[in-house]
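Student: Predicted model follows, preceded by the sequence.
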Amino acid sequence: MISFLKRKPAVALAPPAILSRFLDGCSVEVMPKTLAKLPDIDGLFPKGTRVYIAHIAGTPIADMVATAKRLRDAGYTPMPHIPARLVPDQKTFEHWLSAYGNEAGVTQALVLAGGVAVPAGAFDSSMQLLDSGAFDRAGFTRLHVAGHPEGNTDIDTDGGDEQVMQALAWKQALSERSDAQMAIVTQFVFDADPVVSWARRIQAAGIDLPIHVGLAGPAKLQTLIKYAIACGVGPSIGVLRKRAADVTKLMTPYAPTDLATDLAEHATHIPGIQQAHLFPLGGIPASAEWLSHNAPPPHEGN
């Protein structure tokens, strides 16, 4: 009689140490409407995880502040976006900062221009907000700014990077005279090479702000391509198109594990590349699960 051995269940492999270190302190980005669909967010991420709150045009500030408070109450560190082009005036700007601080204990923000073409008021760049002194007066201790490894045609319409490089140089100078901790967070990418080239270029230009590299969380390939086109992702979108052309991978959900590992290896010799920032394009739970498998708990205050 032939005896058939039962197959042992697959054992999940521990992530490589280099990947785990790179994902230490990994931040996550959410939208108020998306987070509101989750009835329970306790334990979704490790305590202390920095959670960016995207401020999309049309989102009431009350919803933004309520989201920040919910995150704070669950043990996370909320970091709302402050998009200059959505701010109608200085009084409103200072009201937002006051509401975030007084109602949700917020002391961190991502300051950016914002994606709308026509500003709501006099502000059209993050530098105007940063230079106002309002963040210092409101007690903000950490301010992040946007980085564009693959360029930003909204800023440099000729496809170059002269204006974004000038803006980063200005923000570097600000970091040297400000008490706030500063860092650069990038748009999500799908290839390490543009990030590495850009990191070396800005480092050569004297910009040594820490770089938090944007990664797209686990998602269907079609979903990622849609977001990549909408968000103006540059040449690295070719990685997705190549994957889509491979029938064996077309129906397999994408996860950023290989890309994050590649970036982790480069981070060992490019000091500016410090950690990752996750965009949960395939849903918050899927990204939370991926992080729980690959990253150690972040440290409080990252």
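Tutor: Cool, the structure landed.
Student: contact partners of stretch 165-180?
Tutor: Applying CB atoms under 8 Å, 6 or more residues apart in numbering, the contact partners of stretch 165-180 are 125-127, 130-131, 135-136, 140-143, 145, 147, 155, 182, 184, 202, 205-209. C-beta coordinates here come from the backbone N, C-alpha and C atoms, glycine included.
Student: Show me those that map onto strands.
Tutor: When those are checked against strands (DSSP state E), the matches are Arg142, Leu143, Val145, Gly147, Met182, Ile184.
Student: Can you tell me which of those residues are buried?
Tutor: When neighbours are counted using 16 or more other CB atoms under 10 Å, those contain these buried positions: Arg142, Leu143, Val145, Gly147, Met182, Ile184.
Student: I'd assumed Leu129 was in contact with the third one.
Tutor: No: here Val145 lies out of contact with Leu129, judged by CB atoms under 8 Å, at a distance of 10.3 Å.
Student: Quick check: neighbours shared by the two?
Tutor: Here Val145 and Leu129 share the contacting residues Val111, scored by CB under 8 Å, 6+ apart.
Student: mean confidence score for the helix or strand containing Ser292?
Tutor: Using DSSP states H and E, Ser292 sits in helix 284-294. Throughout helix 284-294, pLDDT has a mean value of 95.
Student: Then stretch 134-147?
Tutor: Mean predicted lDDT for stretch 134-147 stands at 96.
Student: what does it contact?
Tutor: Stretch 134-147 is contacted by residues 79, 90, 93-94, 97-98, 100-101, 106-113, 126, 129-130, 168, 171, 178-187, 198, 209, 211-212 when judged by CB under 8 Å, 6+ apart.
Student: Of the residues you listed, which count as buried by neighbour count?
Tutor: Burial by neighbour count, 16+ other CB under 10 Å: within those this picks out 79, 93-94, 97, 100-101, 106-113, 126, 129-130, 168, 171, 178, 180, 182-187, 198, 209, 211-212.
Student: so of the residues you listed, which ones are in helices?
Tutor: The helices, defined by DSSP state H, take in Phe93, Glu94, Leu97, Tyr100, Gly101, Ser126, Leu129, Leu130, Leu168, Lys171, Trp198 from these.
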